[in-house]
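A.B. asks: give me coordinates for this.
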Amino acid sequence: MGNATSRAVVIGAGVGGLVSAVELARRGVEVVVLERAPQVGGKMRQVGVAGRSIDAGPTVLTMRWVFEEIFGAAGVSLDEALQLRPADVLARHSWGEGPTLDLYADLERSVEAIRAFAGPAEAEGYRRFCAYAQRINDTVQKPFMRSERPSLAMAMAAFGTLGLSGLLHIDGHRTLWKALGDFFQDARLRQLFGRYATYCGSSPFLAPATLNVIAHVEREGVYLVEGGMYRVAEALVALAKRLGVTIRCGEHVQEVLVSGGRAAGVKLGSGERIHADVVVHNGDPSALAGGLLGGPAKRATSPTTPRSLSAMTWTFVAEGRGFPLVRHNVFFSRDYVEEFRDLFDRSALPAEPTVYVCAQDRDDRGVPPGGPERFLVLVNAPATGDQRPLSNSEIQRCEKAAFSLLNRAGLSFPPFPAPPVVTTPSDFDRMFPATGGALYGPASHGWRSPFARSGSRTKIPGLFLAGGGVHPGAGVPMAALSGRLAATAALEDLTSTSRSSVTATPGGM
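C.D. replies: Next up is the predicted model:
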């Protein structure tokens, strides 16, 4: 453990950076968090429209246990910090004209809904699918999610204790789409569960079947945050400040300082230098590799390839009419194969995209609040915002295709009281440099992808990584876990360097 005089600088106040700061501060390290944007949160952001704040990043919280552990370790009850309400309806799904399908947190309700939607064989397939996804979860949680960076050898050793069946349970040797064929014959259901690959910005036709674990994680509990998801960032900030963390927004880190072969602090755009014993970078690893934080830090890690998906989003206030919306709604395209060919093979906006609609003022009952309500509409997009910005005509075509699909399902919006805020991959690239707009780090394609992400440690001693672009992956709870792992690695580094300084003798340590 670092002593009271140890100092850490955290670059970036996203979820991973804030959790790193909390973990380091509660162990006695002096922590300064530097955020380039005017506010904290990173991808957990809000947009103001018509005088109202709308979540324009993550919209739900899963893996509640991650945050219970983080807040509990710092002496605060999660229930004191946040008001969380479990969602009964996970999402409502539509295929344009025709019936809709709700998935529920309760297994039997989902089984019955699928039985009514697609017949008894598909309902039984869903029951088998849930058991299969739970086996994956039980197999990977300890050796993968909680480990600093799982190598293939480490994973084989861990799974080896479970025998060959344990290794097969993670189902990494085939694609997610192919695995779904074992459980569902109905093309609509394969499309529904294939969508879980996009939760980490990947294609169901290229991602390993291991990612079916996401379906289990969601069924274990989706929580609505009273006041919006941005409250999670605010609660982490309050916890960090209670522990003595200094948070400075509007501060551009120009360079990671390297001295004697190890990270020694940062230089700001203003010229100010802040010296530190360890530095945590809560941003995409490609920013380091691309030299955006100075030449010496370029060797810390490798560029992120291939990139995960970006998005086109419309954030607005309006009245939603004609479709029985709940909080989370998905409207599927008619040709899923072609949609992902557009995204990954052609690096183009889909001709007909799948559309996610978050109706942020609705709950499980889907009762409209009366009057204009807050919406986030999202479609997947290629992460080419730094290479080829979308033209106005491309954006307009995408908007027309997305809202035409909603209209075909019966959903319409009267004229908006205020213009929507439109966010493109180029906008996301400006917010999150060196990503091209990719929102999930590297794409999870192929069986080796879980082992290809950067881990907490870099090639430069004293410099550590946190965030959705590093292990264990994208999403709010995974970014939080990355923050814990980065802090643990940094504390181990502080302990070892502290001992070394005491026991150093001529000729060696």
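
A.B. asks: quick check: closest non-adjacent residue to Q134.
C.D. replies: Once flanking residues are discounted, Q134 sits nearest to H216: 5.1 Å by Cβ to Cβ, 6 or more residues apart in numbering. Glycine gets a C-beta too; all of them are placed from N, C-alpha and C.

A.B. asks: contacting residues for the one you found?
C.D. replies: By Cβ atoms under 8 Å, 6 or more residues apart in numbering, the contact set of H216 is C130, A133, Q134, I136, N137.

A.B. asks: surely the first one is in a helix?
C.D. replies: Yes - with the criterion set as DSSP: H, G, I helix; E, B strand; the rest coil, the secondary structure at C130 is a helix.

A.B. asks: so it sits right up against L107, yeah?
C.D. replies: Yes - here C130 reaches L107: they are 6.1 Å apart, a contact under Cβ atoms under 8 Å.

A.B. asks: what sits in contact with each of the two?
C.D. replies: R219.

A.B. asks: these two: who's more crowded?
C.D. replies: Neighbour count, other Cβ atoms under 10 Å: between C130 and L107, C130 has more, with 18 against 13.

A.B. asks: and G290, what does it touch?
C.D. replies: Going by Cβ under 8 Å, 6+ apart, the list of residues near G290 reads K298, P303, A434.

A.B. asks: if we can go back for a sec, give me the mean pLDDT for the helix or strand harbouring the residue nearest to Q134.
C.D. replies: Assigned by DSSP states H and E, H216 falls within helix 213-220. For helix 213-220, mean pLDDT rounds to 91.

A.B. asks: that older thread, quick one: which of the contacts of H216 is nearest to A289?
C.D. replies: I136 (31.3 Å; Cβ to Cβ).

A.B. asks: from what I can see that closest one touches A215, true?
C.D. replies: No - in this structure, I136 is not within contact of A215 by Cβ under 8 Å, at 9.4 Å.

A.B. asks: kindly export the strand or helix carrying V31 (C-alpha atoms) in PDB.
C.D. replies: Secondary-structure assignment from DSSP H and E places V31 in strand 30-35. The C-alpha trace of strand 30-35 is given here as PDB (Å, rounded to 0.1, in the frame of the first residue of the first chain):
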ATOM      1  CA  GLU A  30      -3.500  11.700  -2.400                       C
ATOM      2  CA  VAL A  31      -5.400  11.800  -5.700                       C
ATOM      3  CA  VAL A  32      -5.900  14.500  -8.300                       C
ATOM      4  CA  VAL A  33      -8.400  13.800 -11.200                       C
ATOM      5  CA  LEU A  34      -8.000  15.900 -14.300                       C
ATOM      6  CA  GLU A  35     -10.900  16.000 -16.800                       C
END
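
A.B. asks: so which other helices or strands are in contact with it?
C.D. replies: Judged by 3 or more Cβ pairs under 8 Å, 6 or more residues apart in numbering; DSSP states H and E, the packing partners of strand 30-35 are strand 7-11, helix 15-25, strand 246-249.

A.B. asks: quick one: residues contacting E394.
C.D. replies: L349.

A.B. asks: which one (most neighbours) among the contacts of H216?
C.D. replies: Within these, A133 tops the neighbour count with 26 neighbours, counted by other Cβ under 10 Å.

A.B. asks: list phi and psi for that one.
C.D. replies: For A133, the backbone dihedrals (degrees, to the nearest 10) come out as phi -70, psi -30.

A.B. asks: thought V213 was touching it, still the case?
C.D. replies: Yes - between A133 and V213 there is a contact at 5.9 Å, judged by Cβ under 8 Å.

A.B. asks: and the residue lying closest to A297 once chain neighbours are set aside, helix, strand or coil?
C.D. replies: What sits nearest to A297 in space, not counting adjacent residues and going by Cβ to Cβ, 6+ apart, is V256, at 4.1 Å. Secondary structure, three-state DSSP: V256 is strand.

A.B. asks: thought R273 was touching V256, still the case?
C.D. replies: No - the criterion here is Cβ under 8 Å, and V256 misses it with R273 at 11.3 Å.
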